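[1] All I have is the shape, not the residue letters:
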C-alpha cells in the first residue's frame with residue numbers, strides 16, 4: 001500500500017506460491033526483483049513495517065538461508081514466512097485488518113487482490129521508474 005506520509009510504515013505481502021526455483025534463478029526475473037527492491041529502498045527508505053512471504057514453497061527456506069547472512073538484523077526482524085495453512089488459519093489478520101484483505105487471504109474485502117487504488121498507483125509508479133532507468137529518483141543523476 002502506498003504510504004503518503006514520511007512516518008507511515010508499509011506492510012507488503014509477496015505471495016510466492018506459484019514461483020519455482022528455476023524462475024528465481026532466471027536472470028531477467030532476478031533483475032526485476034532487484035529493481036523492485038531498489039525502488040523501494042530509494043523511494044520508501046526505512047518504511048517497511050513487515051514483509052510477509054505468503055504461501056511459501058518448499059525451496060523458500062533454503063533460499064532464505066542463502067541470503068539471510070546478507071541482511072541486517074533489523075531487516076530480518078521484518079520478514080515473516082507464512083504457509084498456506086497459516087494463512088487459512090487467519091495469520092495475516094495479525095498484520096492487516098480483515099476488511100483490507102481479500103477472502104483468499106482470510107479477509108472480507110470486496111476489492112480483488114492487487115486492484116486497490118494504492119496497488120494500481122504503486123504499480124504505475126514502478127513501471128514508470130523502471131522504464132526511466134531502473135528506479136533512479138527523478139532529478140538524481142547517474143555517475
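    Received it, and whenever you're ready, just let me know what you need. For clarity, every value in this text was computed on a predicted model and none was experimentally measured. Numbers count the residues shown, from 1 in each chain.
[2] pretty sure residue 13 is in a strand, no?
    Yes: assigned with DSSP: H, G, I helix; E, B strand; the rest coil, residue 13 falls within a strand.
[3] contacting residues for it?
    Going by CB atoms under 8 Å, 6 or more residues apart in numbering, residue 13 touches 52, 54, 92, 96, 105. From N, CA and C alone the C-beta is placed, and that goes for glycine too.
[4] next one: phi and psi at the fourth one?
    Backbone dihedrals for residue 96, given as degrees, to the nearest 10, come out at phi -140, psi 130.
[5] Same question for the first one.
    Comment: the main-chain dihedrals of residue 52 come out as phi -100, psi 120, following degrees, to the nearest 10.
[6] how about the contacts of residue 13, which pair is most distant?
    By the measure CB to CB, 54 and 96 form the most distant pair in the contacts of residue 13, at 11.1 Å.
[7] Only the buried subset of the contacts of residue 13, as a PyMOL command please.
    To isolate the buried ones among the contacts of residue 13 in PyMOL, judged by 16 or more other CB atoms under 10 Å, type:
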select buried, resi 52+54+92+96+105
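[8] got the contacts of residue 13 as a markdown table, with pLDDT and distance to residue 21 columns?
    What follows is the contacts of residue 13, written out as a markdown table (pLDDT from 0 to 100; distance: CB to CB, whole Å):
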| residue | pLDDT | distance to residue 21 |
| --- | --- | --- |
| 52 | 89 | 20 |
| 54 | 91 | 17 |
| 92 | 94 | 25 |
| 96 | 91 | 28 |
| 105 | 89 | 24 |
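[9] Mind picking the one among the contacts of residue 13 that's closest to residue 68?
    Checking those against residue 68 by CB to CB gives residue 52 as the nearest, at 16.2 Å.
[10] That closest one contacts residue 12, correct?
    Yes: counting by CB atoms under 8 Å, residue 12 is a contact partner of residue 52 at 7.0 Å.
[11] Return the member of the contacts of residue 13 nearest to residue 121.
    So of the contacts of residue 13, ranked by how close each gets to residue 121 (CB to CB), first place is residue 96, at 18.1 Å.
[12] And the closest one, how far from residue 103?
    Using CB to CB, to the nearest Å, residue 96 is found at 13 Å from residue 103.
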